[in-house]
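J.: Structure of the sequence below:
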Amino acid sequence: MHPELVDELTHKMKVTLTYVHGYASLLPLAGEVNEEQSRYVEKILKGVAQLTEMIRELETQAGLIPEED
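T.: The predicted structure follows:
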């Protein structure tokens, strides 16, 4: 893998996920959220967490961050 390319791509992905996480977290604060909408917000936040973990694994494999014990 090319560490520079992985670093650039993962950075852009993390920035985008930060926006998605932030806006999804704000949705319940914008007003009353029904049960279905609350489930959608939870799915979004779960997806962000899963993608964040995948990015971390990619960075580890590329040697950009040390492996956790």
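
J.: quick one: average pLDDT of the helix or strand harbouring residue 4?
T.: When elements are defined using DSSP states H and E, residue 4 is found to belong to helix 3-26. Along helix 3-26, the predicted local confidence has a mean pLDDT of 95.

J.: Buried residues, the helix or strand following it. List them.
T.: The first helix or strand that comes after helix 3-26 along the chain, using DSSP H and E, is helix 35-61. Neighbour-count burial for helix 35-61, counted by 16 or more other CB atoms under 10 Å, picks out 41, 44, 48, 51, 55, 58-59. (Each C-beta comes from the backbone N, C-alpha and C, glycine too.)

J.: Report all helices and strands that the helix holding residue 4 contacts.
T.: The criterion is 3 or more CB pairs under 8 Å, 6 or more residues apart in numbering; DSSP states H and E, and the helices and strands that helix 3-26 contacts are helix 35-61.

J.: quick one: residue 15 from residue 39, how far?
T.: Relative to residue 39, residue 15 is positioned 26 Å away (criterion: CB to CB, to the nearest Å).

J.: my bad, residue 28
T.: Noted for residue 28: a distance of 12 Å to residue 39, by CB to CB.

J.: Could you do residue 18 as well?
T.: 22 Å.
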